[in-house]
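Novice: only geometry, no sequence info:
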């Protein structure tokens, strides 16, 4: 008799990495090998939402690298995301930075 096991929950979590206001991917994590995927982060987030995503992972690469911040872009994405929920990453090194993102609605509740 085969043992029963609960089905594993699996949820896709699309990600948008922001650098200088653009949606990018870093090849091998190398900032010198950046590939730009768009200049409209909200439009890309909309496409993920339309495809059925319930979560969005957004990374501020500028803040992660210490080259400024895309906090305004991240706040705009979080505000425009519902019903998707957003988790935010990238350079959140202080309590104030974390509180700022939580205050605009970002979070992750498991």
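Specialist: Received the coordinates, thanks. None of these values were measured; they are calculated from a predicted model.

Novice: Any buried residues in the helix or strand hosting residue 25, and which?
Specialist: According to DSSP states H and E, residue 25 maps onto strand 22-26. For strand 22-26, a neighbour-count test (16 or more other Cβ atoms under 10 Å) marks 22-24 as buried. In short, each C-beta sits where N, CA and C put it, glycine included.

Novice: so where is this protein shaky, pLDDT-wise?
Specialist: 1-8, 109-110 (pLDDT under 70).

Novice: any idea where the strands of it begin and end?
Specialist: Remark: strands assigned in the chain by DSSP state E are 15-19, 22-26, 34-38, 55-60, 85-89.

Novice: which residue is nearest the middle of the chain?
Specialist: residue 58 (1.3 Å; Cα atoms, centre = their mean).

Novice: ok, that one - contacts?
Specialist: If you count contacts by Cβ atoms under 8 Å, 6 or more residues apart in numbering, residue 58 has them with 15-18, 41, 74, 77-78, 86-89, 106.

Novice: Sweet, I'm off.
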